[in-house]
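Asker: missing the sequence, but the structure's below:
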């Protein structure tokens, strides 16, 4: 019996010694010892080089007519020239992202809105005139075309799985300095209530986005475009490092519809909503919802019998978590869809259906 115990103990010691030697000389063979997170790269040059050739600088010119005396401070000359008008060019700049090799370029609508001429400067130094294919005031996106072929194309990220803290890089024509690259992190996703566009689902970042960056690319460390840079809060508001980009999922949906239909197909119910939280006495909890703040006369919501002050708590069987998300759900539905809404009016709970229609043309 003693020999058996000695024999087993000897093999146990040998086994421990072999295991220690393996771990010591080949630690990568032990999964538990492997680090679970990849170390931060020392450079993001590969990501920039992958996308920068597909980022363009956009230059615009608009002829404006204004009183000659507008910029004159001398009272005598103001009196002499007060009735005279002068036409001057007003120049603007922005950025764009090439999304097809045959010349389709994404940018923001406010960069090219109401301009007379658009020029696009490419990575390789070529300059070409651009025409507007279509635009969407609701998301501030626009699609341009240049008559060039075999252009480098940016890759749009497949999904919007960004998290606060992810590293992003902005590429654009900042202050006329083409292909300027700035780096930051994602500060938040799903930002709304900014009064920038009608349909807001912005990525917030602290990557510097200056004048001229609008329409440029916001990329991840793999060089994929996760957003189109749109706006930033200026220092005059006391803000620092607060910028916004339109997420890739919105960019893909809007650009595909402009290509296919020349406009964005977006459903409309004809009501304006605000966030509200209801206290449920039976469960002593709060339930989010969307309060109807305004109904457009003759709209689908009007025809469905909705009234100002109604609270919507579910749409097509899905709980309403916020007014912004319900507006997006409506907009992303197909015109003609019958949306079933669960409504609280006073102490009454009822269900109604809204026949969604194509959104009327939006005003600037």
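Answerer: Great, that's in hand. All values reported here derive from a predicted model rather than from experimental measurement.
Asker: The stretch 201-350 of the chain: strands as residue ranges?
Answerer: If DSSP state E, counting those that start in this stretch is used as the criterion, the strands of the stretch 201-350 of the chain fall at 202-205, 217-219, 225-232, 243-247, 267-268, 271-280, 285-295, 311-315, 318-319, 338-345, 348-355.
Asker: Taking strand 271-280 as reference, get the angle to the last one.
Answerer: In other words, strand 348-355. 150 degrees (axes from the mean of the first three to the mean of the last three Cα atoms, to 10 degrees).
Asker: Name every strand pairing with strand 348-355 and say which way it goes.
Answerer: strand 338-345 (antiparallel) (DSSP bridges).
Asker: For the partner strand, give the mean pLDDT please.
Answerer: What strand 338-345 shows for mean pLDDT is 93.
Asker: Of all the residues in that strand, which ones are buried?
Answerer: For strand 338-345, the neighbour count (16 or more other Cβ atoms under 10 Å) marks 339, 341-344 as buried. The way it works is simple: take the backbone N, C-alpha and C, and place the C-beta from them, glycine included.
Asker: In JSON lines: the residues you listed, plus distance to residue 203.
Answerer: Output for the buried residues of strand 338-345, formatted as JSON lines (distance: Cβ to Cβ, whole Å):
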{"residue": "339", "distance to residue 203": "28"}
{"residue": "341", "distance to residue 203": "30"}
{"residue": "342", "distance to residue 203": "31"}
{"residue": "343", "distance to residue 203": "33"}
{"residue": "344", "distance to residue 203": "33"}
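Asker: before we move on, the earlier item: so which of the strands of the stretch 201-350 of the chain is the most surrounded?
Answerer: strand 217-219 (a mean of 31; mean count of other Cβ atoms under 10 Å).
Asker: what packs against that strand?
Answerer: Strand 217-219 sits against helix 45-51, strand 167-174, strand 225-232, with contacts defined as 3 or more Cβ pairs under 8 Å, 6 or more residues apart in numbering; DSSP states H and E.
Asker: out of the ones you listed, which comes closest to residue 119?
Answerer: Nearest of the helices and strands packed on strand 217-219 to residue 119, taken as Cβ to Cβ: strand 167-174 at 11.6 Å.
Asker: Flag the shaky bits of the stretch 201-350 of the chain, pLDDT-wise.
Answerer: 234-239, 279-285 (pLDDT under 70).
Asker: bridging residues for residue 56?
Answerer: residue 96.
Asker: On the three-state scheme, residue 123 is what?
Answerer: coil (DSSP: H, G, I helix; E, B strand; the rest coil).
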